[in-house]
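J.: take this sequence and fold it.
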Amino acid sequence: MENANVDTRVSPGLHPDNVKQIDGYDDDTAPLLGTTLTAFSTAYEGIRAVHDAREKAKTNPTWNEAQQIIHTDDFAQKHLARISKGFDSVRATLEKQIAHFETELATPLESRASVGISGEIRKYVKDMTTEERHKFIQQAIDEGDAVSVSAVLGAPAYLSGLTADFQRTYTRYWNERSAPETARKLKAVQGAKAMIEERAGLVFKELEKAVGAAPHKAQALRKAKTEAEQAFVLKDIG
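T.: This is a model prediction of the structure:
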């Protein structure tokens, strides 16, 4: 983090620079995480603004401590609404992106060899022991053997002696190896979603600290103020 942008009054866990530390963040994935960075920046700067407002409230000679809390809490609630909306919106977008990349990495394969060759490969694999079969497929994936991999994974699983679950798993491995950019993007948006889910809750405590009182105390003070002001309302006599 850049020291110039760090405010010791705010939790470092909410600093937007944390987004740049997400596994998979680089020049290619940065655009995908731009809104996540903005959401954390909105939270960080919002909490900082409430701290500043609290300090300014203390300089108002006409406000006692209760009034300072009430006015600062009013300001904090406005920021909370903006911050919450931002995190909710970004999280929804990330979920859509995750679903999109997951679908791409789960796309079934199509055989790249002739029907005859593909059939021979599947028979060869099916005649293996379970251990040999999995070792063969994993090695084919590691070596980038598209002909063998597509022959086994591009047809009904049972033709190669596989279960549907294992076929899906191996398809995912192959697609990740064949499309590392997509796999990296998926990892990045998953990391961003996890960061929001883990840290967005810090906002409530941070705003409470900035206001100088818990929300229920501010609400009680606000209620007492309203009730007291009722005594100064002119009432019709008649």
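J.: mind jotting down where the helices sit in the chain?
T.: 34-57, 65-105, 115-126, 130-142, 146-153, 164-178, 180-199, 202-211, 215-229 (DSSP state H).
J.: buried stuff in the fifth one?
T.: So that's helix 146-153. Neighbour-count burial for helix 146-153 flags 146, 148-153 (criterion: 16 or more other Cβ atoms under 10 Å). For glycine as for every other residue, the C-beta is placed from the backbone atoms N, C-alpha and C.
J.: ditto for the last one
T.: Going by neighbour count (16+ other Cβ under 10 Å), the buried part of helix 215-229 is 218, 221-222.
J.: re earlier: go through the helices of the chain and pick out the most buried.
T.: Among these, ranked by average contacts under mean count of other Cβ atoms under 10 Å, first place goes to helix 146-153 (a mean of 23).
J.: so how far is that helix off the chain centroid?
T.: Between the centre of helix 146-153 and the centre of its chain there are 35 Å (Cα atoms, centre = their mean, to the nearest Å).
J.: which residue packs closest to the spatially most central residue of the chain, ignoring adjacent ones?
T.: Central residue of the chain (Cα atoms, centre = their mean): Lys193, 1.2 Å from the mean position. Taking Cβ to Cβ, 6 or more residues apart in numbering, and ignoring the residues beside it in sequence, Lys193 has Leu94 as its nearest neighbour in space, at 4.3 Å.
J.: surely that neighbour meets Ala194?
T.: No - if you go by Cβ atoms under 8 Å, Leu94 and Ala194 don't touch, sitting 9.5 Å apart.
J.: for Phe232, give its distance to Leu162.
T.: 81 Å (Cβ to Cβ, to the nearest Å).
J.: looking at the two, which one has more neighbours?
T.: Set Phe232 next to Leu162 and count neighbours by other Cβ atoms under 10 Å: Leu162 wins out with 24 against 6.
J.: for the more buried one, grab phi and psi.
T.: Per-residue torsions, Leu162: phi -100, psi 160 (degrees, to the nearest 10).
J.: gap between it and Ile137?
T.: Counting by Cβ to Cβ, the gap from Leu162 to Ile137 is 8 Å.
J.: mutual contacts of these two, please.
T.: Taking Cβ atoms under 8 Å, 6 or more residues apart in numbering as the criterion, Leu162 and Ile137 both touch 152, 170.
J.: where in this protein is pLDDT low?
T.: 1-4, 111-113, 238 (pLDDT under 70).
J.: what about 50?
T.: 3 (pLDDT under 50).
J.: how is it carved up into domains?
T.: For the chain, automatic domain parsing gives the domain ranges 11-107+196-228, 115-181.
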